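Q: Show me how the following folds:
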Amino acid sequence: MPPCCPLSSSRRPRAGASWRPGEAVLRHEAVGVFLAHCGWNSTLEGLTAGVPMLCWSFFAEQQTNTRDACMECGVGMEVGGDVRREVVETRIREVMGGGKIGREMRRKAAEWSEIAVRATPHPGGRSLANLKSLLKDVLLMDRLPSGNKA
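A: This is a model prediction of the structure:
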C-alpha cells in the first residue's frame, strides 16, 4: 500500500469505515474484481461500477443476488462456502486473466455499467422518468372521481 493510504498504517480501520468512499474505490482503474457478499447494495455498486464480482454469499437476499450476478448478468463467479486463500486466488486469476471467462465477465460488467448509467436519475434517465410518473399518478389519485379510484 502507498504511504498515503490509510490501510498502510498498523492501525487498520474497520472495512466499513466512514472514510472509505466505496463507489469511488470500485470505479478506480486498479480494481479488477470485487469480492462481495452480494447484499443488495454491494451488488448494485458492483454492477454500476462495471466490475466483475467474486460472490461470497451467506444469508438473506445474498444467495439470490449471487445467482443473478452469476447466471443472469454474467458478471459474477461464486467463491463457494469453504473459502480458502488458494480458491480466492484462483478465482481472481480466472476473472482478471486473459482467458475467455474473464474477458466475457469484464465485457458483461461494462455492459451492465452502461445500463446503470442510462437508468440513473438524469434528464432522460428511466429512473427519473419512472419517479415522475409515479408522483404524477399518486398526486392525481385525489383528483379522480370516487368511482375511478383503485
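Q: for this protein, which spans come out with low pLDDT?
A: Scanning the chain for pLDDT under 70 picks out 1-20, 121-125, 141-150.
Q: again, only using 90
A: 1-32, 41, 44, 48, 58-60, 79-84, 87, 96-99, 115-150 (pLDDT under 90).
Q: I'd say Leu35 and Val88 touch.
A: Yes - with contact defined as CB atoms under 8 Å, Leu35 and Val88 form a contacting pair (7.0 Å). All C-beta spots, glycine's among them, are computed from the backbone N, C-alpha and C.
Q: Now for these two: what residues contact both?
A: Shared contacts of Leu35 and Val88 (CB atoms under 8 Å, 6 or more residues apart in numbering): 54, 79.
Q: tell me, what residue is most central in this structure?
A: Closest residue to the average C-alpha location of the chain: Gly46 at 2.5 Å, with CA atoms, centre = their mean.
Q: Does it touch Met77 like I think?
A: No - using CB under 8 Å, Gly46 is not in contact with Met77; the gap is 12.0 Å.
Q: can you list residues touching both of those two?
A: In contact with both Gly46 and Met77: 52-53, using CB under 8 Å, 6+ apart.
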